[in-house]
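Visitor: The sequence and its predicted three-dimensional model are supplied below.
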Amino acid sequence: QVQLVESGGGLVQAGGSLRLSCAASGRTFSSYTMGWFRQAPGKEREFVGAISWSGGSTYYADSVKGRFTISRDNAKNTMYLQMNSLKPEDTAVYYCAARSGGVKWGPLAYDYWGQGTQVTVSS
């Protein structure tokens, strides 16, 4: 198993930036595909992006493409989400997740989840 802990959320003005981190412990982090998801109040959890086990491939939802960047440091067992040009509609609880196998977009495909970190973007 792997345990995931997100950090780095907070309150930021529109146009600002935040960097989220997802620290992993447990089984070998580098063997997992990692994903970021978010859930706003009253809405379903949605895919933000994902990164392959090696970090060589990344995938993004259209709503964040060009503004968000996912990276990982397997030596530090940590994944990151750099969020730039934030918009009020980016306000949500952000979750990191891990799965064995290749990248998937649906949350049900992921086996392990963090507790989430709140991101609030004010207009």
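Guide: Arrived safely, thanks for sending. Numbers count the residues shown, from 1 in each chain.
Visitor: give me the element the residue positioned nearest the centre of the chain is part of.
Guide: In the chain, the centroid-proximal residue (C-alpha atoms, centre = their mean) is Trp36; its distance is 2.4 Å. In the assignment (DSSP states H and E), Trp36 maps to strand 33-39.
Visitor: Relative to that strand, what are the paired strands and their orientations?
Guide: Looking at strand 33-39 with DSSP bridges, its partner strands are strand 46-51 (antiparallel), strand 92-99 (antiparallel).
Visitor: Touching the helix or strand following the last one from outside, list them.
Guide: Reading on from strand 92-99 to the C-terminus, the next helix or strand found by DSSP H and E is strand 112-113. By C-beta atoms under 8 Å, 6 or more residues apart in numbering, the residues outside strand 112-113 that reach it are Gln1, Val2, Gln3, Leu4, Tyr32, Tyr95, Cys96, Ala97, Ala98, Arg99. (Each C-beta comes from the backbone N, C-alpha and C, glycine too.)
Visitor: Can you name the residues bridging to the second one?
Guide: When bridges are assigned using DSSP bridges, the partners listed for Val2 are Gly26.
Visitor: burial of it, as a residue count?
Guide: Residues near Val2, counting by other C-beta atoms under 10 Å, number 19.
Visitor: so which of the strands paired with strand 33-39 gets nearest Ala23?
Guide: strand 92-99 (9.0 Å; C-beta to C-beta).
Visitor: pLDDT of the closest one, averaged?
Guide: What strand 92-99 shows for mean pLDDT is 97.
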